[in-house]
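>>> Following is a predicted model, sequence given first.
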Amino acid sequence: MNTTNDQNEEIDFSKAEAILDEYEGVHGALIPVLQKIQGAYGYLQEPVINLVAERMNMSASEIVGVATFYAQFHLKPRGVHIIKVCCGTACHVKGAPNIVGKFSEVLDVPVGSTTEDKLFTLEEVACIGACSLAPVAMIDEDVHGKLGPDNVPSIVEEVK
Amino acid sequence: MAKKINRSVRRKSAAKGTKIMIGMGTCGLGAGAKGVLESINEGLKKQKLSVDIVPIGCIGLCTQEVLVDVIIPGRTRVTYKNVGQDLVPQILEEHVRDGNVVKKHALSQMHYGDNSCTPYKDLPFFDELEVNKSQLKYVTGNCGIIDPDSIDEYIAQGGYLALKKVISTMTPEQVVNEVSKSGLRGRGGGGFSAGWKWGSTAKYDSAEKYIICNADEGDPGAFMDRSLLEGDPHAVLEGMIIAGYAIKASAGYLYVRAEYPLAVKRLRHTIAEAEKRNFLGENILQSGYNFHLAVKEGAGAFVCGESTALQFSIEGKRGMPRTRPPQSVEAGLWDKPTCLNNVETFANVPLILNRGASWFSSIGTENSKGTKIFSLTGKIKQAGLVEVPMGTTIRDIVFSMGGGIQKRKRFKAVQIGGPSGGCIPESLLDSPVDFESLKQAGAMMGSGSFVVVDETTCMVDMARFFLDFCAKESCGKCPPCRIGTTLMLEILNRITNGEGEEKDLDLLEQMCDEVRTMSLCGLGQSAPNPVKSTIRYFRDEYISHIRDKVCPTATCVALHRYEIVPDKCTKCLLCVKNCPVEAITGSRQEEVFLHKDKCIKCNLCYEKCNFMAIK
């Protein structure tokens, strides 16, 4: 099996093996397995998907089919910090598009991509359910509410 | 009928020492609860005070977060609103140490323990607040009141009594009958009779049957389910265990959105606690009934809120809806009979069994019984969670509970039901909220998002927003939804870009009908609702976009006609410097002028101008 990823880094398969051991024989375990693997490696890389396919007795295409269906899974490496700007209804009417634009400007990346220094990934998310604080953004696990384009730069600095 | 619920906590043991409770739901955390908690801990250490600190869920007043409650033995529980870190020392010194309420920042008080505790003077009770007066907090009664991580507090509030009663005195058939009689309808959107669903699943004889709680609250603008799971998770669990008993299920799943990490954490803890007390697991309360529950985390797909898609997702597959029949009650998860209900539906179940079906059906309207929780957001003064009896008017919710529109603006519409719902205009403010009336008005109960918009919101843009959402989230299985929503979105994009044509409106209306009638699942069928309802009530806005190329609210950037307002212009030349195509000329001496032929409508000058001198 190929043991390097697209950045030609050696992959340590032991974490994936441990996760697969944990779910051995569990019915319908593909999604939690992929979630845990993504948690451990940051994203789903091809050699690891092949390993999952082999161990779970599925075709790799089936797994990629599932992985590409759900917004949560990523096939490319992501930044250290993930900025998810909420674009739900309440946030939209309160100016979420401006917030997205400001983050994009400050980080100098389009939505859906990662900064060159691999520090930040900028994403839009449907709704994080903190509508009363609209507009909001979630940086890693923290919710930042009542944003305006003006406080975006300071939030980015703070996380750095 | 009791108009107000007695919020007194029937506690077995009254609070011994002083307690500080802090709202640490997602809204509280977003408002800075973590920092406040740190300050409290620091302050207590400094003053050498020994106090219990309890993190609680959302009480529904999200705009007032961070909320901090202080309970001194023998006195009522006082709630402080909008607490920042700077306020903490004052509360600790004046209230916790010296026993005097910091009136300026206190919101209300409520009884705690029994009603014998002494109230403070000149401080309103929680139930008397304008926002709470016409609410009926039954399902959300515990949210923000008890510690959601403590099973003892839930039990002290009468928790798990319904389960004990069901298991020791009722047959499964009786439970189904009671729920049917109550008239409870699913709170997830469609409003299907819960009793019918339970009864139908119970009919099929199978060794394996499943209960699923749909907590994939994907509607943008809705957070009732999140608040329930974060604020009173045991109630949802109890409802599920009772449902499991009624249909003779062996196992159940809680399918929770990946975007709700706190809810997931809390549920796992709740399940473990319930198992320890034998409310869940093998031989529940020595009855011989076995029922197991597991949490399944969603992976970010709106369509998984649809029941068959959700079941495929639990099975580890792509979450794409399938044709019916067979219905889930016959062959659902892993082809076994499955009963799927929403979080709020399950949270209603213990209430119904504790107080009886006739009590429940005495609340609400003829065909919609009980209460409904709405998440009230948008351009409103007090956003938050409200629980009202079915049949309450929209006006009441917006103006009495929401406090009206922000910044003296005018109410324009309320969007109810998210991407499956519709916009309801001012002329229908007095219509009641129940399943039928909302449908008639072109909206839908949906899961209960209630987004208020004012006169500055463009309704065409609003419709475009929802369609964009539906087109992105379409699973792609059936062409009417996949292609239909995309084509409709293209038309709306054209209209908001000033390229609309007269025939577009008819075309849109025709496509609304086609997508509605031909799509495979409920999501596709309801995707045109936001477009349909906005055309129905705000046709003139569409026409001014199409015919006059004007967006009446100046929301659609492409329709802006940029002009310099000489009276307001200070000749700061910020716009001249920022214009990427040199379409603005001028200097300190001469008038600033915008050359329309060069302008690319990038909106940069409008954003940069500090004096509103560009319109």
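That came through, no problem.

>>> Relative to A:H92, how far out is the residue in the stretch 51-200 of chain B that chain A sits nearest to?
Closest residue of the stretch 51-200 of chain B to chain A, C-beta to the nearest C-beta: B:C62 (3.2 Å). Yep, even glycine has a C-beta here, placed from its N, CA and C like the rest. Going from B:C62 to A:H92 by C-beta to C-beta, to the nearest Å gives 18 Å.

>>> So which of those two has more stuff around it?
A count of neighbours by other C-beta atoms under 10 Å in any protein chain shown puts B:C62 above the other of B:C62 and A:H92, at 29 against 26.

>>> quick one: low-confidence parts of the chain?
If you meant another chain, say so; for now it's chain A. A:1-3, A:6-8 (pLDDT under 70).

>>> I was thinking of chain B, sorry if that wasn't clear
In chain B, residues with pLDDT under 70: B:1-16, B:113.

>>> Pull the residues that contact the longest helix seen in it.
Of all the segments of type helix in chain B, defined by DSSP state H, the longest one is helix B:479-496. Applying C-beta atoms under 8 Å, 6 or more residues apart in numbering or on different chains, the external contacts of helix B:479-496 come out as B:458, B:460-461, B:463-464, B:467-468, B:470-471, B:474-476, B:500-501, B:504, B:507-508, B:511-512, B:514-515, B:518-521, B:523-524, B:527-528, B:531, B:542, B:545-546, B:551, B:556, B:558-559.

>>> same for chain A: which of those residues are within range?
B:C475 (C-beta under 8 Å from any C-beta of the partner chain).

>>> Those residues of chain A touching chain B, which are they?
Contact residues, chain A versus chain B (C-beta under 8 Å from any C-beta): A:27-32, A:34-35, A:65-66, A:69-73, A:87-94, A:125-134, A:136, A:141-145.

>>> cutoff 7 Å now
Contact residues (C-beta under 7 Å from any C-beta of the partner chain) of chain A with chain B: A:28-31, A:35, A:65-66, A:69-73, A:88-90, A:92-93, A:125-134, A:136, A:141, A:143-145.

>>> Near B:T171, how many other residues are there?
By other C-beta under 10 Å, the residues close to B:T171 number 11.

>>> now it: how far from B:L285?
15 Å.

>>> Please name the residues that touch the residue located most distally from the centre of chain A.
Computed with C-alpha atoms, centre = their mean, the residue of chain A farthest from its C-alpha average is A:G25, at 27.2 Å. By C-beta atoms under 7 Å, 6 or more residues apart in numbering or on different chains, no residues touch A:G25.

>>> Next one: it relative to B:L351, how far apart?
40 Å.

>>> now swap in B:K165 and tell me
Note on B:K165: its distance to B:L351, by C-beta to C-beta, is 12 Å.

>>> same check, this time on B:Q415
From B:Q415 to B:L351 the distance is 29 Å (C-beta to C-beta).

>>> between those two, who's got more neighbours?
B:Q415 (32 against 23).

>>> And that one, how far from B:E455?
Taken as C-beta to C-beta, the span from B:Q415 to B:E455 is 15 Å.

>>> Ok, B:L237 next?
Going from B:L237 to B:E455 by C-beta to C-beta gives 44 Å.

>>> Neighbour count: these two, which is higher?
B:L237 (30 against 13).

>>> Secondary structure element holding that one?
Using DSSP states H and E, B:L237 sits within helix B:233-247.

>>> which helices and strands does that helix pack with?
helix B:161-169, helix B:172-182, helix B:194-203, strand B:210-215, helix B:261-276, strand B:338-342, helix B:343-355 (3 or more C-beta pairs under 7 Å, 6 or more residues apart in numbering or on different chains; DSSP states H and E).

>>> What count of nearby residues applies to residue 67?
This is for chain A. For A:A67, using other C-beta under 10 Å, the count is 22.

>>> please go with chain B instead
28.

>>> quick one: contacts for it?
Contact analysis of B:L67 by C-beta under 7 Å, 6+ apart lists B:23, B:28, B:59, B:61, B:79-81.

>>> and which of those residues is nearest to B:D430?
Set against B:D430, the nearest of the contacts of B:L67 by C-beta to C-beta is B:L61 (25.4 Å).

>>> Distance of the closest one relative to A:V93?
Counting by C-beta to C-beta, the gap from B:L61 to A:V93 is 21 Å.

>>> how about the strands in chain A?
A:81-86, A:120-125, A:137-139, A:142-144 (DSSP state E).

>>> With mean neighbour count added, can I get these in JSON lines?
Below are those laid out as JSON lines (neighbours: other C-beta atoms under 10 Å in any protein chain shown):
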{"stretch": "strand A:81-86", "mean neighbour count": "22"}
{"stretch": "strand A:120-125", "mean neighbour count": "22"}
{"stretch": "strand A:137-139", "mean neighbour count": "22"}
{"stretch": "strand A:142-144", "mean neighbour count": "19"}
